[in-house]
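S.K.: coordinates only, no sequence provided:
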């Protein structure tokens, strides 16, 4: 629905709105830190004995904020940062940037200090490096520094992080590795005027910008030096067609007097935005190329709308809007859209005030919607020239609360795109010596650097929990009688630790990040021993299992069925599917909690299905089963009779009772961790139906198609979750070697998914396929191939995990055995389809899983030589040609081996080097008679048993010499050598014949075989 423009009103908070655009939200970056257990407005009431007590006190005004808590963020500042602040002169420019990856850097004079915001209580564990900036006549700011890494910055090691700092004049200093502070290169960069921003983008490269909107892309060459080139603006494919025509495509040439105010890099979408005094531009970037897709005339589009939102109610508005001034200050991206911070003033106003506005734009691809929202904030200080010092911090989610800041204050306000939220509020930093020196977003929180108090997070008070509503209420009540937080010296039972960690999780969900971190640090200190590590794995696994298997106590039908001892996570929905969706939301919150309090990277392994598994991957497995359960529930709605029968079988096998107030589906879908047990039951029901119904009935075939779809869709949903959410469960660089990963979708044994698919493969091909018509066969094969794809991908996941073992080859024997099993099972599953002539489906799987034997058999059966040549090219790096040549050798198909097309001659020649009895034939085929001669002559010399064969080889070698185009001298030499060898052979044969038959008979030689060596001939004839 469209939103009508707001009515005119007096200068105050207001908005001008249009319909929100339908744009995709960028991927939320992973976070690696959170507010630390420290002070809010007073000292902590509970400080563990081993943690250093915070000593820095926040400003009085900050402590008196009404709607927001100002909390200390991260552990205490590194010593180098505190020393720099202490030693700084009064006129030293101090500037700080907080990056969403958890890194921060401070520029103080010509010092650059970079540190990782530590999420543990032990500050000495944090990374902190001090770098010397090149000399400059101008003050440095944190905007002139960028940090990058080939790996995600959140998890990158200090060795892999590169730093680029550029002086305002253009002197660029690059540190290839943050681990080596003294190792850097220096380059003079010609920007044409003063540099104002340095941004790290993809491919390890950087964007450098000047005040006059000149953009350069800089990257490091192979020698470690910085190379740069200009970004073309307003050109590319539209170069030379004129400003008017190019504007139709959204590309405008920049005016000569443009001033650049903000540069924004959105890594998830690989897009770069720039905001100037006249326009908003957008580029798409890859590792080495960029393409400008948008240049939007912001001045023309926004100035009148901003003026209307501020002065629209004035009687002389038409005159006033002509004299209104608008400048753009900053730009950020949120879930609601692209948010631009602007300031407007009118010289005739008395007093002249600056009205700060937030404009939310809806952009998609190469276009920006004409409908946008203008929110006039309540921050309207007296106009001054230093407007540009006001910047914007905007957490991506929910994206409806923005934070404006300058050196003296932080102003929290609404963007005008959300409902509700906290009232606008000014948080002052005006105590003696205090200033806000910078800020940014980290852990999806607004974080600011106070000169007196360090890193501070501004958190809304009484925030609504991120958990489903009744889950929040019920969880709170279930933990009211839980244990009190012990001191570090008191032992805590694992059951109590589980409840306490649940308490910390609840605090986290209510945005009490400091409280959550405090409880977590006390329960599982960073310096804990191995036993505590194993206990952590057990507690985390238990809580996540409680989440996915929770009893929905909020559903009145379950009221009498929830165990009294359950301190679980009751969910809200009366509908099973909604209950599953709520569980998935809760799991996502729990993963965020583990990440932000620093537990995720400390997880080790647990035992699952009698084998060790990384705890992170077990948490992923729980979420995968939730995803599969939701798909299964949808099929339950479509096919209630079939799925209910299977569910009843599963519950009977587990001896699970169904209370009168509930259905079997209620009970089954509650215990999500056992969801895979239904697959084997579906097969049992399928086999019963096949026996009871005749082949020509509709039900006979339909039940098989339905069962296939249910199993396939459920397992594919699980696999898709695993693939798309892999980064959430990825191990950190410091993680110890992990055990072999056996996904639940690859489990064997009774009722295991692998066993189920093998059994279904047999049922389809033996019992159903022979009686099916062509249409049904096609449908069955398509479904079967999808199931086999899941089956084989499980083996690939196992083999991949073994390949990643440290040190390399640590489980080589296990890898070899599993690879042999995989190859055997792959052939056993695909061969029947090949025999049935289902070449299309066979090719799809054999190509994906590199079953070269099946591919060659298929091409031979269909006599498709062009496809064979295609595979030789496609799988060249996997030596498909060598496999094919060996296959021809083993099958005795030497004619096909030696009749390869010209493109394969070189590979064939290389292969035949170890098969010289055939290589001479290939040489003759390609008219390489000299090589054929050498091979035959060598073979003749090595032949010592059959003189007829030896003479034949010599004769052939002579023929190849005669056919060659050797120079006369070499020709004669080789012919003479062959003659001499033939004479020697003939003479030896005559001597053997004349030596009598005694020696020959004694050895039992056959005719044509000479076994008597020369020394024996002498003995026979002279003895």
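M.R.: Thanks, I have the structure now. Keep in mind it's a predicted model, so treat the numbers as computed, not measured. Residues are numbered from 1 along each chain as shown.

S.K.: quick one: the strands in the stretch 351-500 of the chain, in order.
M.R.: Using DSSP state E, counting those that start in this stretch, the strands found in the stretch 351-500 of the chain span residues 355-361, 363-364, 367-368, 373-376, 391-393, 401-405, 409-414, 425-428, 436-442, 445-450, 454-460.

S.K.: partner strands of the second one, with direction?
M.R.: Pointing back at strand 363-364 there. The strands beside strand 363-364 in its sheet (DSSP bridges) come out as strand 367-368 (antiparallel).

S.K.: the strands of the stretch 351-500 of the chain: lowest mean pLDDT?
M.R.: Set side by side, the strands of the stretch 351-500 of the chain give their lowest mean pLDDT on strand 363-364, at a mean of 78.

S.K.: out of the strands of the stretch 351-500 of the chain, nearest to residue 331?
M.R.: Residue 331 sits nearest to strand 391-393 of all those, at 7.4 Å, using Cβ to Cβ. Any C-beta I mention is one placed from the backbone N, CA and C, and that applies to glycine too.

S.K.: what about the stretch 801-950 of the chain, any weak spots by pLDDT?
M.R.: Filtered on pLDDT under 70, the stretch 801-950 of the chain yields the residue ranges 806, 894-928, 930-934, 936-950.

S.K.: those helices in it, which residues are they?
M.R.: Remark: helices assigned in the stretch 801-950 of the chain by DSSP state H, counting those that start in this stretch are 812-835, 839-848, 852-862, 865-874, 880-890, 894-897, 905-912, 916-925, 929-942, 947-963.

S.K.: next one: the stretch 451-600 of the chain
M.R.: Using DSSP H, counting those that start in this stretch, the helices of the stretch 451-600 of the chain run over residues 469-478, 494-509, 513-523, 530-548, 576-596.

S.K.: out of those helices, deepest packed?
M.R.: Ranked by mean neighbour count under mean count of other Cβ atoms under 10 Å, these are led by helix 513-523, which reaches a mean of 24.

S.K.: average pLDDT across that helix?
M.R.: Helix 513-523 comes out at a mean pLDDT of 88.

S.K.: that helix versus helix 530-548: what angle between them?
M.R.: Helix 513-523 runs at 130 degrees relative to helix 530-548, counting by axes from the mean of the first three to the mean of the last three Cα atoms, to 10 degrees.

S.K.: what helices or strands is helix 513-523 leaning on?
M.R.: With contacts taken as 3 or more Cβ pairs under 8 Å, 6 or more residues apart in numbering; DSSP states H and E, helix 513-523 sits against strand 68-72, helix 494-509.

S.K.: thinking again about what came up before, so which of the strands of the stretch 351-500 of the chain comes closest to residue 207?
M.R.: Minimum separation from residue 207 across the strands of the stretch 351-500 of the chain (Cβ to Cβ) falls at strand 436-442, 17.6 Å.

S.K.: contacts for that closest one?
M.R.: For strand 436-442, the external contacting residues (Cβ atoms under 8 Å, 6 or more residues apart in numbering) are 31, 33, 73, 94-102, 104, 106, 117, 142, 391, 393-396, 403, 405-410, 429, 446-451.

S.K.: try it again at 7 Å.
M.R.: Residues outside strand 436-442 that contact it (Cβ atoms under 7 Å, 6 or more residues apart in numbering): 31, 33, 94-100, 102, 117, 142, 393, 395, 405-407, 410, 429, 446-451.

S.K.: what do you get for stretch 662-677?
M.R.: Stretch 662-677 is contacted from outside by 545, 548-549, 551-552, 557-558, 561, 576, 580, 583, 622, 625-626, 628-629, 632-633, 636, 644, 647-648, 650-651, 656, 658, 744, 751, 753, using Cβ under 7 Å, 6+ apart.

S.K.: still on that earlier bit, can you put the strands of the stretch 351-500 of the chain in TSV and add distance to residue 935?
M.R.: Below are these laid out as TSV (distance: least, Cβ to Cβ, whole Å):
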stretch	distance to residue 935
strand 355-361	75
strand 363-364	67
strand 367-368	69
strand 373-376	82
strand 391-393	77
strand 401-405	80
strand 409-414	84
strand 425-428	88
strand 436-442	70
strand 445-450	75
strand 454-460	76
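
S.K.: nearest to residue 691, out of those?
M.R.: Nearest to residue 691, of the strands of the stretch 351-500 of the chain and by Cβ to Cβ, is strand 363-364 at 55.7 Å.

S.K.: switch the strands of the stretch 351-500 of the chain over to TSV; also include mean neighbour count and distance to residue 681.
M.R.: Compiled in TSV, these are given as follows (neighbours: other Cβ atoms under 10 Å; distance: least, Cβ to Cβ, whole Å):
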stretch	mean neighbour count	distance to residue 681
strand 355-361	26	52
strand 363-364	16	46
strand 367-368	18	52
strand 373-376	25	53
strand 391-393	21	54
strand 401-405	24	50
strand 409-414	22	53
strand 425-428	18	58
strand 436-442	23	48
strand 445-450	26	47
strand 454-460	24	49
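
S.K.: how about those strands, which one is nearest residue 296?
M.R.: Checking the strands of the stretch 351-500 of the chain against residue 296 by Cβ to Cβ gives strand 367-368 as the closest, at 4.9 Å.

S.K.: circling back to that earlier point, reformat the helices and strands packed on helix 513-523 as JSON lines; add distance to residue 83 and mean pLDDT.
M.R.: What follows is the helices and strands packed on helix 513-523, written out as JSON lines (distance: least, Cβ to Cβ, whole Å; pLDDT from 0 to 100):
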{"stretch": "strand 68-72", "distance to residue 83": "19", "mean pLDDT": "87"}
{"stretch": "helix 494-509", "distance to residue 83": "33", "mean pLDDT": "84"}
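
S.K.: export those as TSV, with columns for distance to residue 952.
M.R.: Formatted as TSV, the helices and strands packed on helix 513-523 follow (distance: least, Cβ to Cβ, whole Å):
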stretch	distance to residue 952
strand 68-72	93
helix 494-509	83
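
S.K.: out of these, which is closest to residue 386?
M.R.: Closest approach to residue 386 among the helices and strands packed on helix 513-523 is made by strand 68-72 (24.0 Å; Cβ to Cβ).
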